[in-house]
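K.L.:
I'll drop the sequence and a predicted model, then ask my questions.
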Number of protein chains: 2
Amino acid sequence: MTPPVDPAPRADTTGEDHALGDRRAAILEAVVTQYIGSAEPVGSSHVANAPGVQVSSATVRSEMVALERDGYLVQPHTSAGRIPTDKGYRFFVDHLTGPGVLGPVQRRQVAQFFDQVHGEIETVLERATGLLSELTTYAAVVVGPSHETATIRSVQLVGLSPQHALVVVVLSDGAVEKRTIDLESEAAGEHLGAAGAHLDAHLVGRTLKGPWAAPKTGSIPVDSLVVATLHALDSMGGEMESDQVFVGGPARLAESFEAVETVRSVLSILEQQLVVVTLLRDVLNRGLSVAIGTEHGYEPLSSCAVVVAPVTVDGQSIGAVGLLGPTRMDYPRTMAAVHVVGERLGERLAGGHDGGH
Amino acid sequence: MTPPVDPAPRADTTGEDHALGDRRAAILEAVVTQYIGSAEPVGSSHVANAPGVQVSSATVRSEMVALERDGYLVQPHTSAGRIPTDKGYRFFVDHLTGPGVLGPVQRRQVAQFFDQVHGEIETVLERATGLLSELTTYAAVVVGPSHETATIRSVQLVGLSPQHALVVVVLSDGAVEKRTIDLESEAAGEHLGAAGAHLDAHLVGRTLKGPWAAPKTGSIPVDSLVVATLHALDSMGGEMESDQVFVGGPARLAESFEAVETVRSVLSILEQQLVVVTLLRDVLNRGLSVAIGTEHGYEPLSSCAVVVAPVTVDGQSIGAVGLLGPTRMDYPRTMAAVHVVGERLGERLAGGHDGGH
DNA sequence: CTCTGGCACTCGGTAAACTTGAGTGCCAGG
DNA sequence: CCTGGCACTCAAGTTTACCGAGTGCCAGAG
């Protein structure tokens, strides 16, 4: 009815912050928003009354044709409403919405979590996945710090039985790794202390990467213990490379997707920790906080979006928190949740262990 | 065609090892077997030719009526084939089938696994879930040993930073637990060794259950460290009670069930480690190796069957391996797999760490 | 030149009517 | 007792028709 108040935006160039007419952007936003809510194709008439649009459905339709031509929308079939493409979602997150704000309930949930949680890093990270998946109703993934650069703080040999002893290594970042070794002679037990002390003296300060120096001590039984221990350390190096992954709320995936097949394939991706780590790392390395559909390159996850935030302590990235949901996820809320939790985790890991907020 | 070779079994009492006519049992067996294979209601004519039955479909039908009356079978609807009830499955596992035998391929898989696997208990158990879920195409659950009875073998204090130190406790069963403590004064670092040695001397041999004795050393800074450490030990006790749970192949659940809702609820059960542990323990305590449908009492798992085997070392049960699948799972194969893996795990944990088979 | 209302058209989804076939229960005869 | 035969049932598939949300296009108004 009323003529447009703003001067009609030019279709191609508007001088705005993005290469899409203002109105088109508004229409795209409305489609994305509504589709996220309803999971059903959005028709022109549902968009016509949206705030920021206010044109007739016919006009919306013609704009939609353009949006489809440019790859922001698709029609599942003729005579159906439109659905955002990955590109559409991408534009939405890049230009049309910020990280969003958490609702009061969720804010309280976060606060409560960080008040109550206690214990070792591993525990905190593990529980954090639960928090995240509850906040967002999607599956959460948290990657713990890598121990690659950590140095050895202590090496200790503890006898378990006449035949076995345990090598216990403490790293500078607080990680503890152990390995059982076989004792060749029963008498070796007496030399555990000496061998441990010897190794401790020589290895503290080094990283867990070999090759290992094995200075002689002069005592044959001690030396053989030392060799066995160095072997054990070798195998630790390999295992400490792959950082710890925690997955939370995989059950949510069953809610997020219709097709059982999709659920299955996504679940089995989550079982492969290595893939999860590289996925998150890749996304972060590309400076993104969101990877939509095929952007991350993992076929089976093409109907998923991943939202990631780094966990940084003193500017050092020591891990990442991520969320896995359908491409039509609630991006603002999810991004907000991931950012907040990532940040608070960083603070927590930097600060004390009881009350640091 | 041919009259029965055996004297016709009486319907109610046969003097056999089970309270079901031989023929009825055979029919039940055929129904269960075929239903497991096809997942579709089994009609009388499909059973008539089964080995061990060899009567006309009409006769099968009348027997089926009886089996249904007695609660071994149900019809999804009139004019459909029959499906076993939980009771039917129960009879099947109790009287009609043994643990079964693994196929050659799977046998090789198991052998290969135990040849290659190495490392700490936790790693072995974790990987075992993968093996089991691959062997059976169901979800696997392994519960590790509880540390309740383990005694302390070593207590050590390691400084991490001027403000933090790590309490590292080694238990007699090879478990290692750690806890970070805050250092009140910067100078405390110098006393870590003394406090550690003091605690080590007094605590070795005890279990992780408090209350803790805290003998004075005479040095105030050392004593305050000792107190802090005892606090840490306290919190360890709580965490070491709940034994470790490993879940493998949850993605298989998506294959096993049709309804997404079922998948979801089963998955979320698996997320609750405590529930899983008690479930397995309950079943074992009742002397069962299989719990079908509602037998275990967990509502959301009513469409599941659980197959369990204990892992024993020197006659002591130190854990359990379990499998979670649909009630119409392949019981013989599954039971075989679970038993074999449970047994081999026991041997492995009893014997050495490299070649003990 | 842009927006709008109008109009014909498309096509997925649902419902109703019909067909098919696997499966049952029952019964009379061997 | 078992069996073959027969009438009956009912889920699932197929066809047909219809509805309605949604589209593309166009001619006219601002």
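P.N.:
Happy to help now that I have it.

K.L.:
OK, contacts around the residue in the stretch 251-357 of chain A positioned nearest to DNA strand C?
P.N.:
Of all residues in the stretch 251-357 of chain A, residue A:258 sits closest to DNA strand C, at 11.6 Å by C-beta to the nearest atom of the strand. Backbone N, C-alpha and C define where each C-beta goes, glycine included. Residues counted as contacts of residue A:258 (C-beta atoms under 8 Å, 6 or more residues apart in numbering or on different chains) are residue B:260.

K.L.:
now stretch A:347-357: mean pLDDT?
P.N.:
Average pLDDT, stretch A:347-357: 60.

K.L.:
stretch A:237-254 too?
P.N.:
In this model, stretch A:237-254 has a mean pLDDT of 87.

K.L.:
quick one: end-to-end length of that stretch, please.
P.N.:
Terminal residues of stretch A:237-254 lie 37 Å apart, using C-alpha to C-alpha, to the nearest Å.

K.L.:
stretch A:85-101 too?
P.N.:
Stretch A:85-101 has an end-to-end distance of 25 Å (C-alpha to C-alpha).

K.L.:
any chance you could list what contacts that stretch?
P.N.:
Outside stretch A:85-101, the residues touching it (C-beta under 8 Å, 6+ apart) are A:17-18, A:20, A:25, A:28-29, A:31-32, A:67, A:71-74, A:84, A:290, A:292-295, A:305, A:327-328, A:331-333, A:335-336, A:339.

K.L.:
if we can go back for a sec, tell me the confidence at the residue of the stretch 251-357 of chain A closest to DNA strand C?
P.N.:
pLDDT recorded at residue A:258 is 86.

K.L.:
residue A:328 too?
P.N.:
Looking at residue A:328, its pLDDT reads 95.

K.L.:
wouldn't it be in contact with residue A:39 here?
P.N.:
Yes. With contact defined as C-beta atoms under 8 Å, residue A:328 reaches residue A:39; the gap is 6.5 Å.

K.L.:
of those two, which one has the most company?
P.N.:
Counted by other C-beta atoms under 10 Å in any protein chain shown, residue A:328 and residue A:39 do not tie: residue A:328 has more neighbours, with 19 against 11.

K.L.:
contact partners for residue A:331?
P.N.:
Contacts of residue A:331 by C-beta under 8 Å, 6+ apart are A:36, A:89, A:92, A:93, A:97, A:100, A:290, A:305, A:307.

K.L.:
show the buried residues in the residues you listed.
P.N.:
Buried members of the contacts of residue A:331, counted by 16 or more other C-beta atoms under 10 Å in any protein chain shown: A:36, A:89, A:92, A:93, A:290, A:305, A:307.

K.L.:
confirm the first one sits in a helix?
P.N.:
If I follow you right, that is residue A:36. Yes. Counting by DSSP: H, G, I helix; E, B strand; the rest coil, residue A:36 is part of a helix.

K.L.:
for it, which non-adjacent residue is spatially closest?
P.N.:
Nearest residue to residue A:36, sequence neighbours excluded (C-beta to C-beta, 6 or more residues apart in numbering or on different chains): residue A:328, at 5.2 Å.

K.L.:
for the buried ones among the contacts of residue A:331, give me TSV that also has distance to residue A:232.
P.N.:
As requested, the buried ones among the contacts of residue A:331 are arranged in TSV below (distance: C-beta to C-beta, whole Å):
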residue	distance to residue A:232
A:36	52
A:89	49
A:92	52
A:93	47
A:290	42
A:305	42
A:307	39
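
K.L.:
return the closest of the residues you listed with respect to residue A:266.
P.N.:
In terms of C-beta to C-beta, no member of the buried ones among the contacts of residue A:331 lies closer to residue A:266 than residue A:305, at 11.6 Å.

K.L.:
that closest one contacts residue A:293, correct?
P.N.:
Yes. Between residue A:305 and residue A:293 there is a contact under C-beta under 8 Å: 6.8 Å.

K.L.:
common neighbours of those two, please.
P.N.:
Each of A:89, A:327 lies in contact with both residue A:305 and residue A:293 under the rule C-beta under 8 Å, 6+ apart.

K.L.:
need phi/psi at residue A:113.
P.N.:
Backbone torsions of residue A:113, given as degrees, to the nearest 10, read phi -60, psi -50.

K.L.:
check contacts around it.
P.N.:
Neighbouring residues of residue A:113 by C-beta under 8 Å, 6+ apart: A:127, A:128, A:131.

K.L.:
tell me which helix or strand in chain A has the weakest average pLDDT.
P.N.:
Using mean pLDDT, DSSP states H and E, helix A:220-241 stands out as the lowest-scoring helix or strand of chain A, at a mean of 86.

K.L.:
tell me the buried residues in that helix?
P.N.:
For helix A:220-241, the neighbour count (16+ other C-beta under 10 Å) marks A:221-226, A:228-230, A:232-233, A:236-237, A:240 as buried.

K.L.:
the host helix or strand of residue A:283 and chain B in contact?
P.N.:
Using DSSP states H and E, residue A:283 falls within helix A:273-285. No. Helix A:273-285 stays clear of chain B (C-beta under 8 Å from any C-beta of the partner chain), getting no nearer than 10.7 Å.

K.L.:
quote the end-to-end distance of stretch A:42-58.
P.N.:
Per C-alpha to C-alpha, stretch A:42-58 runs 14 Å from first to last residue.

K.L.:
does that stretch come close to DNA strand C?
P.N.:
Yes. Stretch A:42-58 lies within reach of DNA strand C by C-beta under 7 Å from any atom of the strand, at A:55, A:56, A:58.

K.L.:
most surrounded residue in the residues you listed?
P.N.:
Among those, residue A:55 has the most neighbours (other C-beta under 10 Å), with 18 neighbours.

K.L.:
local confidence estimate at that one?
P.N.:
On the pLDDT scale, residue A:55 is placed at 93.

K.L.:
could you check how far it is from residue A:21?
P.N.:
Residue A:55 sits 12 Å away from residue A:21, going by C-beta to C-beta, to the nearest Å.

K.L.:
same question for residue A:219.
P.N.:
Residue A:219 sits 82 Å away from residue A:21, going by C-beta to C-beta.

K.L.:
who's more crowded, those two?
P.N.:
Set side by side, residue A:219 and residue A:21 show more neighbours around residue A:21, with 21 against 14, by other C-beta under 10 Å.

K.L.:
circling back: now, among the buried ones among the contacts of residue A:331, which is nearest to residue A:171?
P.N.:
The shortest approach to residue A:171 among the buried ones among the contacts of residue A:331 belongs to residue A:307, at 30.4 Å (C-beta to C-beta).

K.L.:
quick one: contacts for that closest one?
P.N.:
A:289, A:290, A:322, A:323, A:325, A:329, A:331, A:334, A:335, A:338.

K.L.:
do a quick rundown of the helices in the stretch 1-150 of chain A.
P.N.:
For the stretch 1-150 of chain A, the helices defined by DSSP state H, counting those that start in this stretch occupy A:22-38, A:44-48, A:57-69, A:86-91, A:104-116, A:121-136.

K.L.:
can you list the buried residues in the shortest one?
P.N.:
Burial within helix A:44-48, assessed by neighbour count using 16+ other C-beta under 10 Å, is assigned to A:44, A:46, A:47, A:48.
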